[in-house]
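Chemist: sequence and predicted structure below; questions after.
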Amino acid sequence: MTTHDITLTVNGTDHDLAVESRTLLVHALRDELGYTGTNVGCESSLCGACTVLVDGDAVKSCTELAVRADGAEVETVEGLADGGDFHPIQEGFQEEHGLQCGYCTPGMMLSAVDLLDENPDPDDEEIREALEGNLCRCTGYQNIVNAVQNAAGQMSGAVADGGKEMDLTREYPTGDDASGGDSA
Amino acid sequence: MSIDSIDPDDVDAADILGSAIERREDPALITGNAEYTDDIELPNTAHAAILRSQYAHATIEDVDTSDAETMDGVVGVYTHDDLARDDTPGDLPFLIPVAWQLPSLNDVDHPMLADGRVRYQGDAIAVVVADERYLAHDALDNIDVDYERRDAVTNPSDALAGDAPQLHSEGDRNVAFDWEIGDEDKTDDAFADADNVVEFEADNQLLIPNAMEPRAAVADYNPGTDELDVFMTTQNPHVHRLLMSGVLGHPEHKLRIKAPDVGGGFGSKIHHYADEALVAWAAKHLERPVKWVATRSETYLTDAQGRGHETTAELAVSDDGDIEGFRVDTKANMGAYLSTFAPAVPTWLYGTLLSGQYDIPAIHASVKGAYTNVPPVDAYRGAGRPEASFVVERIMHLAAKQLDIDPVEFRKRNFVADDDFPFETEVAVVYDSGEYEKPMDEALEMVGYEDFRERQEQAREEGRYLGVGFSCYIEACGLAPSELAGQLGAQAGLWESSLVRFHPSGTVTAFCGTSGHGQGHGTTYAQIVANELGIPYDDVEVVEGDTDEIPHGMGTYGSRSAAVGGSSLVKSAEKVVEKGKQIAAHQLEADPEDVEFDDGTYRVAGAPDRSIGIKDVAGQAYLAHDMPDGEEPGLEATSFYDPDNFVFPFGTHVAVVEVDPESGEIEFETYVAVDDVGNQINPKIVEGQIHGGVAQGVGQALYEGAEYDDNGNLVTGSMQDYAVPKAEHIPEMETGSTVTPSPHNPLGVKGVGEAGTIAAPQAIVNAVSDALDPFGVDGVEMPMTAERVWQAVNEQASADGSGDAAENGGEE
Ligand code: FES
Ligand code: FES
């Protein structure tokens, strides 16, 4: 099996690794690099549990080859919090009880971040539409929609107050662990 | 109208029980720090993959594993014959057990790996263990199986027919059991004189649980100590410890089952499957950690499915609208083998709830279980109770319609009256407490029922078809007591065990034998224990889901955790408080009888300045310098709590829909759920459970269903073909609640995990039926796809010979 040397920048940390041609991005992240926050629910692009951001866009990492992500900036759930501070989407999920078992949650949050990046003030229907690729079996979605609204409110509040706009491509501390344990 | 969650720091200690505080589980889950089974990576782990039958029914002539065995990186390939020849320690019986017996049960062998015959698509034939995950899956392609196909049968009535292919050599015509409940003669009499008989015939389709995390296991064996550790996706680690110890012939005290974070269960992770046992066996055999993670396709083929009933029912009703008798005949799909608790589901968990919220003087139900060529069918969210509630609430709807009585009026007329509790039904259960009109009235208010009929009439004139559907469900949770469960066939007790342990510094760890998988037990249990001990919520840590940490338990299913596990914690905490009282009295130089405990402090009655806090008492208990005579040091207590009775939550769910008869599409105008689950420990978590439950009920009503072709192939074998509802498919739900505490447990709680799933389907079917009343349609089979709705309208139209249905209906 041919292997390829690739570089993935995950949550701001550069990783050089060798992957097989067929290695999926989700397995490179989880098994090679230890970012196990990204979950696998269906390995067929249908459930969204494995959603990560690749160069800022929500991507289902179970059907993306790792080699295709060579050189990309990948963001996983482990990178959402800024040091000890939760990202507004994390706050939203916690405050609105937007999760139960939490298995869909990392993917849900990253899809929501992508949505809010494009549409900072979505209505409920737009949120439900934007999350159509992310399945949750526990919550019934209502509190997930509320969680995204909550995050949208926090983020627009931050801008309106002259606060720092959420910067999804912010600089991360580099050079630290490759274990993926770089979250709050 | 949703409940706002509260930061626990903003809640007074005295108010912690009953507050909608945020969950303490969430920080790990939202940062990626949670640890699910597949996240566990032990050094030198090998990966297992399982070869599954591609046919639903076949004789296996030969399995050739030689090519797979020689592949680089493949560590071993095993079939039934390899297990039979095996000399791994332990006395392997190769069979997966059934843990619920019925007198008429025809229990058949369920081999871990197929022994010459496969009986459902997905039945396990061989297991490959390889150095890497991808390799193990590659090797499956290199195993050759010679099949001799047999005819398959996938639904119970066909399976029970005389000419059906027989699945097992034991027993007759695929009969797994033949069971009945109620008084047949009395019921026949009621029907003999009845003014009206309402008939109902319907299927309750097979569902696939689809927990988002697939089943998985990691096993690790230490040959030096003979200790076997299995980390797995389980809802009940102790039950798995017991069953697996039997299956592997491994001593129970050297087997540790640990549930790491578990990504949903809904029943599918209760049962003991061959797969996890194989992983544990392989780890022992190879003396190397082995991991197996099901693919989504495997979960479709092998997770125990739910429901699968074919039912005919009749209701005898007087002209005044009084129910006089109820007769039910059900054929239940059991799948190819009997899964862990499967025999209980269509019998004791179904037949006993056929009285619903109603005072029915004569009931008789008979249930036949059938072996078919589908995966084993077992408990799925609600387990038996949704099937019962569906039959009851559909026939209530149809009866009201047939007698031309308002459906609300008809139900209220027949409700068990408030002063009749405890109420003994004709089907062997005693309802603990209830006030059935209260949630009904609140729900009516929330949907604006008073004006609804007028609105409906107006809409019809405009060619729009609105419908309202009711579901006044009842549920039985916290199956108990153990003695009764034993009489009913359980092969285990149904108590719950806990341990509340003070540490010398004054913090507490509470251990419970339940095992949450998304329900937020860490939060609710800490609320209970903090309240009982009068100490800060943050001082209580909760541990569950690990047989090494908490020696005994029964697990989480059937909405038993709060009622049985929570009550066990109360009992343990009470024992701690009592022992603390002895120590406090000694130190305060008072008679224990004069010492009162309140808010975390022991006080001498009448001398308020003579007091000591429970944390200080704990410190003293461990210091043990100054203890009452005969008192042991330390401050902890265990309890095995065995409830007196089940608890019976209830409520009314109402769906208001608009149906387009020309396209068959259904849209929700509103969905209202008013539930009475007794006292609520954390209303936010209660609301979340209701939302999630309703969503699964909506899934059953409108989208979900396992379908098999004539050869027994699963045609809904992926998320592409089996519609797990998405965000845009689930309506905005309005929830409300009433509170009727259960008199049977110290918390007054009932149970909430399954309520929504039990209640929702028939509310929605009834609403669609109400909407399509002008077309003469009185029901549509679930899942009510647009096509089915459209067909129902048109078939009715052609039956009436009235041409185009939509137009005709519109003219009525
Ligand atoms: S695991 Fe990738 S979409 Fe389901
Ligand atoms: S929280 Fe369990 S799947 Fe979404």
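Modeler: Perfect, I can see it now. Predicted model only: the values in this text are computed from it and were never measured. Ligands and ions are numbered 1, 2, ... in the order given.

Chemist: how about the strands of chain A, start to end?
Modeler: A:3-10, A:13-20, A:51-54, A:57-60, A:73-75 (DSSP state E).

Chemist: an error on my part: the question was meant for the stretch 51-200 of chain B.
Modeler: Under the criterion DSSP state E, counting those that start in this stretch, strands of the stretch 51-200 of chain B are mapped to B:58-64, B:74-79, B:117-118, B:124-130, B:144-149, B:175-182, B:196-207.

Chemist: of the strands of chain A, which stretch is the most buried?
Modeler: Across the strands of chain A, averaging neighbours per residue (mean count of other Cβ atoms under 10 Å in any protein chain shown) puts strand A:51-54 on top, at a mean of 26. Yep, even glycine has a C-beta here, placed from its N, CA and C like the rest.

Chemist: which parts of chain A sit against ligand 2?
Modeler: Proximity of chain A to ligand 2, by Cβ under 6 Å from any ligand atom, involves residues A:99, A:100, A:101, A:102, A:103, A:104, A:105, A:136, A:137, A:138, A:139.

Chemist: now residue B:67: how far from ligand 2?
Modeler: From residue B:67 across to ligand 2, the span is 39 Å (Cβ to the nearest ligand atom, to the nearest Å).

Chemist: tell me which residues touch that residue, please.
Modeler: B:142, B:143, B:144 (Cβ atoms under 8 Å, 6 or more residues apart in numbering or on different chains).

Chemist: tally of neighbours for the first one?
Modeler: What it means is residue B:142. 18 (other Cβ atoms under 10 Å in any protein chain shown).

Chemist: in contact with it, which residues?
Modeler: Residue B:142 makes contact with B:67, B:68, B:71 under the criterion Cβ under 8 Å, 6+ apart.

Chemist: leaving out sequence neighbours, find the closest residue to the residue of the stretch 451-600 of chain B found nearest ligand 1.
Modeler: Closest to ligand 1 within the stretch 451-600 of chain B is residue B:518: 17.9 Å, counting by Cβ to the nearest ligand atom. Once flanking residues are discounted, residue B:518 sits nearest to residue A:101: 3.1 Å by Cβ to Cβ, 6 or more residues apart in numbering or on different chains.

Chemist: repeat for residue B:340
Modeler: Nearest residue to residue B:340, sequence neighbours excluded (Cβ to Cβ, 6+ apart): residue B:271, at 4.0 Å.

Chemist: got it, and residue B:725?
Modeler: Closest to residue B:725 by Cβ to Cβ, 6+ apart is residue B:699, at 4.7 Å.

Chemist: do the same with residue B:622
Modeler: Nearest residue to residue B:622 in three dimensions, chain neighbours excluded: residue B:504, at 3.8 Å (Cβ to Cβ, 6+ apart).

Chemist: show me what contacts whichever residue of chain B sits closest to chain A?
Modeler: Relative to chain A, the nearest point of chain B is residue B:32 (2.0 Å; Cβ to the nearest Cβ). Each residue near residue B:32 by Cβ under 8 Å, 6+ apart is listed here: A:35, A:36, A:37, A:38, A:76, A:77, A:78, A:106, A:180, A:183.

Chemist: ok, residue B:694 next?
Modeler: A:140, B:653, B:671, B:673, B:730, B:733, B:756, B:757, B:759, B:760.

Chemist: correct me if wrong, but it is in a helix.
Modeler: Yes. Residue state for residue B:694 (DSSP: H, G, I helix; E, B strand; the rest coil) corresponds to a helix.

Chemist: ok, and the closest non-adjacent residue to it?
Modeler: With sequence-adjacent residues excluded and distances taken as Cβ to Cβ, 6+ apart, residue B:694 is closest to residue B:756, at 3.6 Å.

Chemist: for the helix or strand containing that neighbour, packing partners?
Modeler: Using DSSP states H and E, residue B:756 sits within helix B:755-771. Helices and strands touching helix B:755-771, by 3 or more Cβ pairs under 8 Å, 6 or more residues apart in numbering or on different chains; DSSP states H and E, are helix B:385-403, strand B:465-474, strand B:650-660, strand B:665-676, helix B:683-698.

Chemist: okay, the angle between the fourth one and strand B:650-660?
Modeler: Inter-element angle recorded for strand B:665-676 and strand B:650-660: 170 degrees (by axes from the mean of the first three to the mean of the last three Cα atoms, to 10 degrees).

Chemist: what mean pLDDT does strand B:665-676 have?
Modeler: Taken as a whole, strand B:665-676 has a mean pLDDT of 98.
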